[in-house]
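> sequence first, predicted coordinates after that:
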Amino acid sequence: MDRLAEIAENYGHSLKPHHKEQFETSTLEDMQTELSDIQSKQDQTKTLMNMNRIEKFLSGMEDLSKTLTAIHNRDTGHAMAYVWGSIRFLLRVTSPTEKAFDSVLDVYEQLGVHLPQLHNFEKLFRTFAGFEECLVNIYDDVQRFHKLAYKLFSLRTKLWQRLHKSVWKDLGHTFKQLAKSLDTHRKFIQMYSAGRIDNPHGSGNSYYNNRQYWDPIEDDFNRYRYGAKEFWREFEESEVERKRKQRAAIKLWISSSNKVAEMHKRFQNTRNICPKSGRWLFKRHAEVCDWMKEDEPPESAVWLHGSKGFGKDSPGTVFGKGKTILASLIVDELKSLSASETKNRIPSESNIYYFYCQEDDNEHRTYLDILKGVLHQMIYADEYILPLCDDRMHQGVEDNLSNAETAQTLIEAFIEHAPRQYIIIDGLDECEPNEARQTAHFFMQQVSKCDNDVKLGQLRVLFTSQTMPELSKQMPEGDASIILDPKDNAEDIRTYVQKRIVEFSGSNEFNRGFNLSDADKQQMESIVCHQSQGKFFTHLSSMFLYAHLTMEYLLQQQTKGELLEKINQEMLPKRLEDIYERLLGSIEAKLKGLEGGDSQWEKAKILLGWLVCAKRPLRWHEIQSILSFDPVNEVVDFDNRMLRHNVRKYLGSLVHVLDGDHIRLIHSTARRYIIDNNRISENEVQCRLTALCLRYLSLPCFVNGYQDMQRKENAKHGWFSFQDYACSHWHSHINTVIRSSNDIMVLHADIQTQAVQAQWEFATALNLFIERHGHQLTSEIHAELEEDPGETFQGFPEKFHENLRKIWNHIFTHQKGDFDCRNTVGITQIDDALRINRTCLEEHFVPTDSAINTDTIEDYYGPNLFKCQRTLCRYFYVGYDSAKARDNHHARHDRPFTCPIACNLAPIGFSSKKDRDRHVRIYHREMSDRPSMFEAPARKQGRFKCSICDDTFTRKTNLRGHERSHFGDRPYSCSTCGKAFGRQSDCRRHEKIHARRGA
């Protein structure tokens, strides 16, 4: 019976200390008194429920207690006290909440019907000591249930009420398993009824000593014992798999950026060059250390920020991140402290979440992006809240989480459930001000709620950003507002330079080392550090970036003499634009030194130009598709024309590659310097890229009458890889050429050869495009079109001007159309061809299929072949890996009322015109045609302020309903007619109308 005591003790350890004391002293009489009191209260309030449901369970527990006592088990009283205490606690806590109380009674009834009447088998347990294990198994199963129920109902009342429905539903599998297990014990015990154990040969002991009598019983018992263990082992394995699938489905539904962890790893790698980099933060700012380590921190929210001179960090880059590097350091420091055994450690169960905002990444710059990024990490840190996520996922009709309020609700539950969590949000200044304000307001609100209502320091939030006046009101103040000095990382830069200097001595595949003396190395260190701290660099990010780029530039020198010449202070570039220019020059010299060097350098310029001028970030397979397109012969030839080397061979340290083959420039400043130098003309690149789009869309596969067999063959060979980009951006490139490239479109006698070639390509491409698709262009001149694009194009043939006016009028008319119209290519036969081409890919190929030799379909098209049909949606080019996911996504676009301008706050529109008009009045007041007709009466100033529009309310519930209206969310539906409302009170008021009508 040691196992009984062990089970009881383990159960006791799962209780909170004050509950453990109460349970240990509980008796059957205490539980009965509690039950009687509950019945009396319900009788007084006329809320009596069917309490008879618990009768069989209580009877079974009394039997269990008496039987254990009868066989002289000394642990019975202590073990059963936990049973009486559990029943007493669960009934007392849930009785005020009808649904919770009812659900607990249901499970007690479900278990009770499978409990055996143990008093009928007392002789069995006295005769065969081994059968006591059946009693322990019954006790174990009962306490399994009590442990699960206690875990839920011992939470704060508001939290368990929020979680009850979803968690209890999710536990249904376990409750059924417990009932089956109890039934197994009951049936086994009943096998050995009084008749089975009576001695058929008299009352002597000789028969009991006969092995023929014991062996069958022992065999049966061993099968029972083994079966009971296997029963639970198999169930627990199935539960692990069920939870894995549940989490995977929730992850897909959240659909957050998958780049957060990768970005963090890249920042770690940057810091690993200088492991002590940034640790000055902990020495100079005790507020950060207190925020991390103190059980009750002076401040639960901290804001690290710098003046405008501190620099606008670029989290998507490799170097020059300033505050982002500090944010990644804090994340890793927290992880280290949670795993530490020192006295300064933080609780090992602490959860650490982080997010890096990024201005040029449409998955890292909005309030919803941030919520989803944090929520994605939470579902892996805390499994207990998964049922709530699963419940919310199945309540919606959308394949992806697109509702900020839903994300907020889930995050609030995770925050309240975990004992301690840290949230680090880096680079809020990378977001639009309104998005940053919402983010700061929500997380500061959660900090305040935890500090005041739960426990001081349970939630700790750290923000990093530039100092932004529009954020100051939302952010922590006083000691929690930490201003960073650009000179703080001077030692970090010196350490970094020292680490990189080692590379000048070692041999590698590119050089044999420079054979530098210690004096040479010291001079290099001194010069680079001095230059990075120069008057041109008041930004921390620029200082570090300069040091990195300078070291890269010096490593590209061919001889020791050239290197020593460059590190002379007068020879080393002093500005970032100068170092970029030198790096481009080094890449040019390196490539031109290879076989076919001029061609290699031209490819490098083409790649850089596309990265700078593309209307959205390009993936490597899209860049390859442009390179593989031969506009003259009208073919796409991946096999012979795609680059077989990594992009870094051509662009070196100016770019890096993210997972998913996203190609990014090393830093946001690189774009400006690349297009300002004399090697690459932005206008020329824009002109050529526009011509490529027009030429590509003029291929026979985009014209009516194309043969299906030929289409399938071309699909296999990658012909449709560029269609996502060309179909969605051809008109915006023409717009850019018309509005911004006037200098290249004017013929001069001394114009450069390259410019002449670019303008010829554009004019020829436009003529071919009109020839193939002109009959489907809009012929009627739009009434609002005033500008004549031909006025800026002097010296071109009249035919070109005619074609340009025709295409410009068509584009203008298309962009003036409704939202559905703007979400198409705008030319019917191209729209049709796009749909047919995609269907061909979806029906005949999967990413792993062979395309040509060892090339796969994924090499040509990427991993996702199922794309959204709307050109303005990011999933038009990102896509999904299955038709089901894509079709579910299409349901998101069924909201018929859309914002009249491109708006990040309303990407999928509204379900009613009223919601859309309200959105326009709040966010786009200059467009609203409904000014107030009457002067609004004065009203009491409310203390609950909207984080979006600054309206105030006297009641919090009104604020919540108002905030839902910003996004057109109406979660409360009439049970009779289905009409949706933003506030529950409005829904109830509406339902009373049906009641009065007898509906």
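Yep, that arrived.

> for residue 382, list the residues it contacts.
351, 414, 417, 418 (CB atoms under 8 Å, 6 or more residues apart in numbering). For the C-beta atoms, the positions are set from N, CA and C on the backbone; glycine is no exception.

> and the third one, what does it touch?
Same thing as residue 417. Residue 417 touches 155, 159, 163, 382, 384, 385, counting by CB under 8 Å, 6+ apart.

> then the first one?
When the contact criterion is CB under 8 Å, 6+ apart, the partners of residue 351 are 378, 381, 382, 418, 420, 421, 422.

> closest to residue 763 among those residues?
Residue 763 lies nearest to residue 378 out of these, by CB to CB, at 55.6 Å.

> quick check: the gap between that closest one and residue 402.
Distance of residue 378 to residue 402, computed by CB to CB, to the nearest Å: 18 Å.

> so where do the helices sit in the stretch 701-850 of the chain?
Ranges of helices within the stretch 701-850 of the chain are 708-716, 723-740, 753-773, 798-815, 819-822, 828-844, based on DSSP state H, counting those that start in this stretch.

> as JSON lines, the ones you listed with mean neighbour count and mean pLDDT would be great.
Output for the helices of the stretch 701-850 of the chain, formatted as JSON lines (neighbours: other CB atoms under 10 Å; pLDDT from 0 to 100):
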{"stretch": "helix 708-716", "mean neighbour count": "16", "mean pLDDT": "94"}
{"stretch": "helix 723-740", "mean neighbour count": "21", "mean pLDDT": "90"}
{"stretch": "helix 753-773", "mean neighbour count": "18", "mean pLDDT": "85"}
{"stretch": "helix 798-815", "mean neighbour count": "18", "mean pLDDT": "89"}
{"stretch": "helix 819-822", "mean neighbour count": "14", "mean pLDDT": "82"}
{"stretch": "helix 828-844", "mean neighbour count": "17", "mean pLDDT": "96"}
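
> which of these sits closest to residue 26?
The closest of the helices of the stretch 701-850 of the chain to residue 26 is helix 828-844. By CB to CB, the value is 63.4 Å.

> the helix or strand following the closest one: which residues count as buried?
Moving toward the C-terminus from helix 828-844, the first helix or strand encountered (DSSP states H and E) is strand 850-852. Neighbour-count burial for strand 850-852, counted by 16 or more other CB atoms under 10 Å, picks out residue 851.

> would you mind identifying the next helix or strand past strand 850-852?
That would be, after strand 850-852 and using DSSP H and E, strand 855-856.

> residues making contact with that next one?
Contacts for strand 855-856 (CB under 8 Å, 6+ apart): 638, 639, 847, 848, 849, 850.

> what is the next helix or strand after that strand packed up against?
Counting by DSSP H and E, the element after strand 855-856 in chain order, helix or strand, is helix 857-861. With contacts defined as 3 or more CB pairs under 8 Å, 6 or more residues apart in numbering; DSSP states H and E, helix 857-861 has these neighbours: helix 620-628, strand 850-852.

> max-length helix in this protein?
Scanning the chain for the longest helix, with DSSP state H as the assignment, gives helix 211-254.

> this completes my enquiry, with thanks.
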